[in-house]
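Peer 1: Sequence and predicted structure, then a few things I'm wondering about:
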Amino acid sequence: METRSAKRKKQLCFPPGNDDGGASQIDRITDLPDPLLHHILSYLPIRSIAQTSALSRRWRLLWSTLPDLDFTTAAAAIKRSSIPPNSYISTVLSLRHKHSDLRSLRFSARLTFSTLNSLIRLAVRHRVQYLDVEVSTDDYFNFPRGVIASETLRTFKLKSRCPGFRLLPSSVMAGGFRNLDSLSLSLVTLHDQQSSLLDLFTETSFPCLRKLDLDTCFELRHLKVGCRALEDFSIENCFHLRGLEICCAKLTSLRVASCFDAYCDETRVEIRNGSRIRFVAWEQNAITGKSAVEELRAVREASIGFFVDDYDDICSDKLQSVCSFMSGFSRADSLTLDSQCIEVYINDCEIVIKVISKK
């Protein structure tokens, strides 16, 4: 006796009255496995993907289990509509299949802090692995607690528009992120919290962190980076920075740009245990009062440049600091100097480094 499923397949392949054997009636796309259809849908804007849910029950299930949600592709459409961005995003997350995990979530919107926390809690509930958030608010807001205890989160990017967000105490921050692989923070405010980052990125914190990006950390005075697994570190636009200490045995790429307090003579940079550093970009940084850079023997490419307002205002300690800093790159395969800031010449068989102002 012919089963119902076998009869259905037969009808799909050879529908009655079709002389071409039913080839034109076969729905080959719908019969593809879910992972392959999810991959195909990932090339479409999220609005178009949502519209496919009206096709059939199968496509509704595909929409509710989509592992990658990128709401940035629908930002303009949502803005033109009467639906608030937070309502649209939270509705989509709430209607997801309860057993479907989120591989990645991206959104950019103007939200209240409570709404942001609510969205992040929904994402964490679906075991999100990649979370990319750009948010603007009317006032400062605190770092979302919902991501700290996540056991699945691997990549977290938080970008704020003015006025920015505050970090939680280092004791709270360091207690989470046990599986985090990449962290990017942009527009952090540290008013009355200068020590928040001092002991955060230490040897015992962030045990799996391999990539760290910090951008525009206001009032950041001192920063110590000692994550044992860190391979790529970038920090820029930290104009109040006075002390930077880097000690990461696995670090291979380092970029420091537009940092340090140019009007303070007590600034200091220290790079230790950098035997694996291969690429260094030191761009438009104020000259520090002291430098202690161990010889970086593995460096293949290094680009060095300083920001100088007036050469006459540079004290002898800062000139010596430049020499101490440059000595760490004596083994570099390729060393590029900003010709407008640095001159290197030989005087009586001795290499002399001179800092000049940009005019």
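Peer 2: Sure thing, it's come through.

Peer 1: Contacts for the helix or strand containing residue 224, please.
Peer 2: Using DSSP states H and E, residue 224 sits within strand 222-225. Applying Cβ atoms under 8 Å, 6 or more residues apart in numbering, the contact partners of strand 222-225 are 194-195, 197-199, 201-202, 212, 214, 233, 235, 238, 241-248. Backbone N, C-alpha and C define where each C-beta goes, glycine included.

Peer 1: repeat that for 6 Å
Peer 2: Applying Cβ atoms under 6 Å, 6 or more residues apart in numbering, the contact partners of strand 222-225 are 197, 198, 201, 243, 244, 245, 246.

Peer 1: what is the last one paired to in the beta sheet?
Peer 2: Listed by DSSP bridges, the beta-bridge partners for residue 246 are residue 225, residue 271.

Peer 1: And the contacts of strand 222-225, which is closest to residue 32?
Peer 2: residue 201 (44.4 Å; Cβ to Cβ).

Peer 1: burial count for the closest one?
Peer 2: Using other Cβ atoms under 10 Å, residue 201 is surrounded by 24 other residues.

Peer 1: Setting aside sequence neighbours, what's the nearest residue to residue 151?
Peer 2: If the residues on either side of it in the chain are set aside, residue 151 comes closest to residue 179, at 6.3 Å by Cβ to Cβ, 6 or more residues apart in numbering.

Peer 1: Go ahead and name everything in contact with the host helix or strand of residue 269.
Peer 2: Under the criterion of DSSP H and E, residue 269 resides in strand 268-272. Strand 268-272 has contacts (Cβ under 6 Å, 6+ apart) with 243, 244, 245, 246, 247, 288, 290, 291, 292, 293, 294.

Peer 1: right, and the secondary structure at the nearest residue in space to residue 144 that is not next to it in sequence would be what?
Peer 2: Closest residue to residue 144 apart from its sequence neighbours, by Cβ to Cβ, 6+ apart: residue 120 at 4.9 Å. Three-state call for residue 120 (DSSP: H, G, I helix; E, B strand; the rest coil): helix.

Peer 1: Residue 146 is in contact with residue 120, correct?
Peer 2: Yes: at 4.0 Å, residue 120 counts as touching residue 146 under the criterion of Cβ atoms under 6 Å.

Peer 1: and the gap between residue 136 and residue 110?
Peer 2: According to Cβ to Cβ, to the nearest Å, residue 136 and residue 110 sit 5 Å apart.

Peer 1: again with residue 321
Peer 2: In terms of Cβ to Cβ, residue 321 sits 44 Å off from residue 110.

Peer 1: These two: who's more crowded?
Peer 2: residue 321 (22 against 14).
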